[in-house]
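> Build me a model from this:
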Amino acid sequence: MDDPVMAQVGSEQEAAASVARLQQAREKLRAELGKVVVGQERVLDSLLIGLLCRGHVLMLGLPGLGKTLMARTIARALDMDFQRIQFTPDLMPADITGTDIIEEDPQTGRRTLEFQQGPLFTHFLLADEINRAPPKTQAALLQAMQELEVSVGRRTYKLAPPFFVVATQNPIEQEGTYPLPEAQLDRFMFNVPVDYPTPEEESQIVKSTTTARQAEVTPVLTAEEIVRLQELVRGVPVADAVVQFAVNLVGASRPGYGGGSNGIHKYIRYGGSPRATQYLILGAKARAILSGRFHVDYADVRAVAVPVLRHRLVLNFHARAENMDADKIIALLLQGTGDKPPAGRPSR
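Okay, the predicted model is just below:
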């Protein structure tokens, strides 16, 4: 019979080796992305964490800030199949899921129905300007994001993992758009704004993109390795105190639930759901192993709190009247729950 102690030691050594390899891959990935993408380290880290957690990411930013370039470059660096869909008001579900077509055998003349796969059948999907698609098409995408499957007619087709959706929205142009319902927003793990580059970064962007030289990105990981790393993330241990901290943080965002620290409940109609707590813990796990640790700190939960909760808080007219946005309210939430657990790594 195998020694359970030796088995545990072996599993811990294997996990430590995997964490070290992931750290090396992260540095190589940063170097490869730096050949094409200038700056935006926070956005790139959020995309990588979302991918490792089997989540999806919504990016908000003005046109021309490199959102498509970032997504395409990450897919190339990870050697993942990449598809881009430009969402428009006339886009139908069959345009993204695929459809049955009639094929005729030239020898026998027999006709059969064959399913032609749409762009959803990929590893890395960029949904550009997702809020321009009508609700029926958004619902087809929602099924793929949540269930990893596509329904066409009476058949349901499974999507091969990994399946990662990066959606973009233009925050200044709302004419002819269909705002995402709260249920679909809740399916995105992160909501990440893409800001203007600094003057130094913009100078570097102009210099690198106005010449004949084209940067080549070398793959760092494969799709199969990404699936294994996703399993590794879910195996990272979390102390009960850290889980309770995440529960307290999300619970404090719900009116009528918890203490309502700092009087913020007057600004909130609805707070975060249990899915927010799940993503807090998953995001904290991914951040921990990307930092070379096989345990989760309170700081890891705090670091992912804003992108996880930003799109899950439904604010009321009091918030608009007093110029309170979700980021300010989350900062108050973090202050209000900061005294419940001690700072730093929890005791075991």
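> only C-alpha atoms for contact and neighbour calcs from this point on.
OK.
> can you tell me which residues contact the nearest residue to residue 188 once chain neighbours are set aside?
Of all residues not flanking residue 188 in the chain, residue 56 sits nearest, at 4.9 Å (C-alpha to C-alpha, 6 or more residues apart in numbering). Neighbour list for residue 56: 50, 145, 164, 165, 166, 187, 188, 189, 190 [criterion: C-alpha atoms under 8 Å, 6 or more residues apart in numbering].
> And the second one, how far from residue 110?
Pointing back at residue 145 there. 37 Å (C-alpha to C-alpha, to the nearest Å).
> More neighbours: which of the two?
residue 145 (22 against 9; other C-alpha atoms under 10 Å).
> Quick check: the more buried one is in a helix.
Yes. The assignment for residue 145 by DSSP: H, G, I helix; E, B strand; the rest coil puts it in a helix.
> ok, it - contacts?
56, 163, 164, 165, 187.
> what's the most distant pair in those residues?
Spatially, the most separated pair among the contacts of residue 145 is 163 and 187, at 13.5 Å (C-alpha to C-alpha).
> what mean pLDDT would you report for stretch 53-68?
What stretch 53-68 shows for mean pLDDT is 88.
> swap in stretch 28-38?
Averaging pLDDT residue by residue across stretch 28-38 gives 80.
> Enumerate the positions of it that are buried.
Under the neighbour-count criterion of 16 or more other C-alpha atoms under 10 Å, stretch 28-38 has 28, 29, 30, 32, 33, 34, 36, 37, 38 buried.
> what residues does that stretch touch?
For stretch 28-38, contacts defined as C-alpha under 8 Å, 6+ apart pick out 66, 69-70, 73-74, 77, 201, 204-205, 215-218, 220.
> now stretch 208-216
By C-alpha under 8 Å, 6+ apart, stretch 208-216 touches 35, 36.
> Could you tell me the end-to-end distance of it?
Start-to-end, stretch 208-216 (C-alpha to C-alpha) is 13 Å.
> In which helix or strand does residue 166 reside?
strand 164-169 (DSSP states H and E).
> where along the stretch 151-300 of the chain do the helices fall?
Assigned by DSSP state H, counting those that start in this stretch, the stretch 151-300 of the chain shows helices spanning 182-185, 199-209, 223-234, 240-251, 274-290, 298-309.
> quick one, helices of the stretch 1-150 of the chain?
Going by DSSP H, counting those that start in this stretch, the stretch 1-150 of the chain shows helices at 4-34, 41-52, 67-77, 93-97, 135-147.
> Which one of those has the poorest average confidence?
When I compare the helices of the stretch 1-150 of the chain, helix 4-34 is least confident, with a mean of 68.
> buried ones in stretch 93-104?
Those would be 93, 94, 96, 97, 98, 99, for stretch 93-104 by 16+ other C-alpha under 10 Å.
> end to end, how far does that stretch reach?
Taking C-alpha to C-alpha, stretch 93-104 runs 25 Å from one end to the other.
> Give me the residues contacting it.
Residues contacting stretch 93-104 (C-alpha under 8 Å, 6+ apart): 85, 110-121, 136-138, 140-141, 150-152.
> what does stretch 13-26 give?
With contact meaning C-alpha under 8 Å, 6+ apart, stretch 13-26 is reached by 220, 221, 229, 232, 289, 290, 291, 292, 293, 294.
> What are the neighbouring residues in contact with the first one?
With contacts defined as C-alpha under 8 Å, 6+ apart, residue 220 is in contact with 25, 28, 29, 77, 78, 79.
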